[in-house]
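Student: Got a sequence here, can you model it:
(chains A and B, ligands or ions: 1)
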Amino acid sequence: MSHVAAAIAARKKAGSGALIGYLPVGFPDLETSIEAAVALAENGVDVIEMGLPYSDPVMDGTVIQKATQSALADGFRVAHGFEAVAAITARVDVPILVMTYWNPVLQYGVDKFSDQLLAAGGAGLIIPDLIPDEAHEWLIESERTGLDRVFLAAPSSTDVRLKQAVDKSRGFVYAVSTMGITGARNDVDMAARVLVARLRKVGATSACVGLGISSAAQVREVLEYADGAIVGSSLVTALAEGGVPGLARAAADLATGTKLA
Amino acid sequence: MALRDELGPYFGDFGGRFVPESLIAALDELAEAYAKAKVDPAFQAELAYLHATYTGRPSIITEVPRFAEHAGGARILLKREDLNHTGSHKINNVLGQALLAKRLGKNRLIAETGAGQHGVATATAAALFGMECVIYMGEVDTERQALNVARMRLLGATVVPVKTGSRTLKDAINDALRDWVANVDDTHYLLGTVAGPHPFPVMVRDFHKIIGEEARRQVLELTDALPTAVTACVGGGSNAIGIFHAFLDDPAVALYGYEASGEGHLTEKHAATFTRGRPGVLHGAHSILLQDEDGQTIESHSISAGLDYPGVGPEHAWLADIGRATYLPISDDEAMEALRLLSRTEGIIPAIESAHALAGTMKLGQELGPDATILVSLSGRGDKDMETAGKYFDLLDNVSKDDA
Ligand SMILES: Cc1ncc(COP(=O)(O)O)c(C=O)c1O
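Tutor: I've put the predicted structure just below:
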């Protein structure tokens, strides 16, 4: 079983499911982003989704855009992503999925990117603008390296496409809770519950829900039906406003949503 | 296979769909609706009627002998898309897509705009069909094309100034895509050029190919021959593919696209995608773009808001790759000189975008000599550019005093 799928399954066995935390590399600076990821792992986050800043992040809302733009303005390079993964995995035992748009991978060379990520101790990739239909090269390289690959499933996806996402994903399939982009929302759509049920029907054993989750209560609610809850923007806000200590508190609070009541 | 028959999603290595899964259903729905409309006589008749009674098609061709004296004496014919309602070629595509949106039951149109011409055309269609309209426009462009912002608002559209990234066309497209992901149920994204994910490049091309189809007939009628060359400016590439398309399978007709090289294609301030870019993915398609070593998009620069874009449509990337069309850079200064020249010699003030095609044509005419006939896409008129031209040429009394 993949490292990520194993981590999620273990958390399900022990409690209600996994908490997956997103943070971008290089925000507010490389050092602090590494400390921040370590703090996530030490405060109840089971899988880290580490975002690589990109110039044209069409899936991201204003909070994450602002953070990644500032990292780019400060000179973020893709190679920093591998450095960060290596530094984090040297300190804490938590699987790290790198979340990146496709062009940086393509330009780095899909094979070289995969090799470097594996060497740094990374678990795999989430590529929000790469659908399985266009992922030929990545499918080959992820098979070669054993890296996990997470594809997205949306409420608007047909059953055929959901099955494709489930079949091609390894680690988990990313269920987009709502038709939208990243950003904290007050209620996670009913759509997520329906989507996960549809994913189960086509064979999903590891389905995590993301987009809009920002409180322990929402995490708890999502874990009633999904295997993991993905939190992004609210962690980025906590880091921006409260530094690493503020982030640690936010993560610990969110993690209470994964404990059995 | 004839070059004209390419239907996407790929043109050679270029094209595809590099977008979030959330958009795939909408793109499939659009592709299907478009495939039906394409062969539906009722749809085609409705569009043709609008073009005849609203757009003002066919647009004329105008021979410009006094301008041609500065272009090696070649015979130069302008395809007058500037005379279309709303002032540019953009309306051809907008009316087609707005009719499709109506068929899809989507009552909200969103669009990106650079020069504002596509935004104005979209706001116009929304007014005509009673639809809601939101236009994303980079903050830099809302300033340099303020007149078009006022036009869009007068037409009832909401204009959202985009403050992220380079604050130009590229970022306006990002925000339009984000809006679409969130509101795809009731919203049609009326993309304004031949870029983006399939089916946009092929659909937008089809709505513009009327430019070349008309012009091919008109040139044959006037000169009894096909032109030696066809030229156009290239931002995303919609007016260029529109005029090129009818000639793709006429191997004797040379095709030239002129991209904006801003302060010069050897400086760092340019939008010379072909000259300085390389293959990669931007805005949902695999094509050519300006990017750094890490694949981060490089911000473009041009005096022309409509050409200030670091990417280009995939069909152009393919035409360049197979050698069917040639793409060359034209600087701000060369374009502005051509803009002034056409104004003074022929009494036609072109858009700064179109002036890039004119500047390229002047060079090409020198190369080809007096026996050549060159058909130029005059994609838009210059009204929107009077503030930029006023500053550039020092034409405004108060400006020249303030700047002195
Ligand atoms: C008059 C005019 N010409 C050309 C363009 C460039 O677009 P495209 O390359 O898609 O024709 C624009 C875009 O705003 C325009 O307004």
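
Student: For the stretch 251-400 of chain B, which segments are assigned as strands?
Tutor: Per DSSP state E, counting those that start in this stretch, the stretch 251-400 of chain B carries strands over the ranges B:254-260, B:278-282, B:285-289, B:325-330, B:373-378.

Student: what's the model's confidence in the lengthiest helix in chain B, averaged?
Tutor: When chain B is parsed with DSSP state H, its longest helix is helix B:352-368. Across helix B:352-368, the average pLDDT comes to 98.

Student: Same list as before, the strands of the stretch 251-400 of chain B that is, but in CSV and with distance to the ligand, mean neighbour count and mean pLDDT included.
Tutor: (Each C-beta comes from the backbone N, C-alpha and C, glycine too.) Below are those laid out as CSV (distance: least, Cβ to the nearest ligand atom, whole Å; neighbours: other Cβ atoms under 10 Å in any protein chain shown; pLDDT from 0 to 100):
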stretch, distance to the ligand, mean neighbour count, mean pLDDT
strand B:254-260, 9, 26, 98
strand B:278-282, 15, 21, 98
strand B:285-289, 13, 28, 98
strand B:325-330, 11, 22, 98
strand B:373-378, 8, 28, 98
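
Student: Of the ones you listed, which is nearest A:His80?
Tutor: Nearest to A:His80, of all the strands of the stretch 251-400 of chain B, is strand B:278-282, at 20.1 Å by Cβ to Cβ.

Student: Now do the closest one: everything it contacts.
Tutor: A:56, A:102-103, A:106-107, A:129, B:13-14, B:18, B:170, B:286-289, B:291, B:295, B:297, B:310-311, B:317 (Cβ atoms under 8 Å, 6 or more residues apart in numbering or on different chains).

Student: Try it again at 7 Å.
Tutor: Strand B:278-282 has contacts (Cβ atoms under 7 Å, 6 or more residues apart in numbering or on different chains) with A:56, A:102-103, A:106-107, B:18, B:286, B:288-289, B:291, B:295, B:297, B:311.

Student: Most neighbours of all those, which one?
Tutor: B:Gly311 (31 neighbours; other Cβ atoms under 10 Å in any protein chain shown).

Student: Touching stretch A:138-147 from outside, list them.
Tutor: Counting by Cβ under 7 Å, 6+ apart, A:110-111, A:114-115, A:117-118, A:123-125, A:130, A:149, A:168 sit against stretch A:138-147.

Student: Now do the phi/psi pair for the residue nearest the centre of chain A.
Tutor: Centroid-nearest residue in chain A, with Cα atoms, centre = their mean: A:Glu49, separated by 3.4 Å. Main-chain dihedrals, A:Glu49, degrees, to the nearest 10: phi -110, psi 110.

Student: Contact partners for B:Ala240?
Tutor: The contact partners of B:Ala240, by Cβ under 7 Å, 6+ apart, come to B:232-234, B:257, B:316, B:377.

Student: how near is whatever residue of chain B ends up closest to chain A to A:Leu52?
Tutor: Using Cβ to the nearest Cβ, the single residue of chain B nearest to chain A is B:Gly295, 3.3 Å away. Shown here: B:Gly295 relative to A:Leu52, a distance of 10 Å by Cβ to Cβ, to the nearest Å.

Student: Pull up the overlap in contacts between those two.
Tutor: Shared contacts of B:Gly295 and A:Leu52 (Cβ under 7 Å, 6+ apart): A:Pro104.

Student: Look up the closest residue to the spatially most central residue of chain B, ignoring the ones flanking it.
Tutor: Nearest to the geometric centre of chain B sits B:Ser238, at 4.1 Å (Cα atoms, centre = their mean). Of all residues not flanking B:Ser238 in the chain, B:Thr193 sits nearest, at 4.4 Å (Cβ to Cβ, 6 or more residues apart in numbering or on different chains).

Student: Which pLDDT value belongs to that neighbour?
Tutor: On pLDDT, B:Thr193 comes in at 98.

Student: now it: how far from B:Ser343?
Tutor: B:Thr193 sits 26 Å away from B:Ser343, taking Cβ to Cβ as the criterion.

Student: Settle it for me: which of the two has more neighbours?
Tutor: The residue with more neighbours, out of B:Thr193 and B:Ser343, is B:Thr193; 31 against 17, by other Cβ under 10 Å.

Student: Surely the residue of chain B closest to chain A and A:Gln107 touch.
Tutor: Yes: counting by Cβ atoms under 7 Å, B:Gly295 touches A:Gln107, with 3.3 Å between them.

Student: need the contact list for the residue nearest to the centre of chain A.
Tutor: By Cβ under 7 Å, 6+ apart, the contact list for A:Glu49 reads A:20-22, A:97, A:99, A:126, A:230.

Student: Which pair in these has the greatest spatial separation?
Tutor: A:Gly21 and A:Ile126 (12.9 Å).

Student: out of these two, which sits in the more crowded spot?
Tutor: Legend: neighbour count by other Cβ under 10 Å for A:Gly21 and A:Ile126, higher for A:Gly21 (30 against 25).

Student: Per-residue confidence, that one, what does it come out as?
Tutor: Per-residue pLDDT puts A:Gly21 at 98.

Student: if we can go back for a sec, ok, now which ones touch the residue nearest to the centre of chain B?
Tutor: Contacts for B:Ser238 (Cβ under 7 Å, 6+ apart) come out as B:89, B:93, B:193-194, B:204, B:208.

Student: Go through the contacts of A:Glu49 and say which is closest to chain B.
Tutor: Distances from chain B to the contacts of A:Glu49, taken by Cβ to the nearest Cβ, are shortest for A:Ile126, at 11.5 Å.
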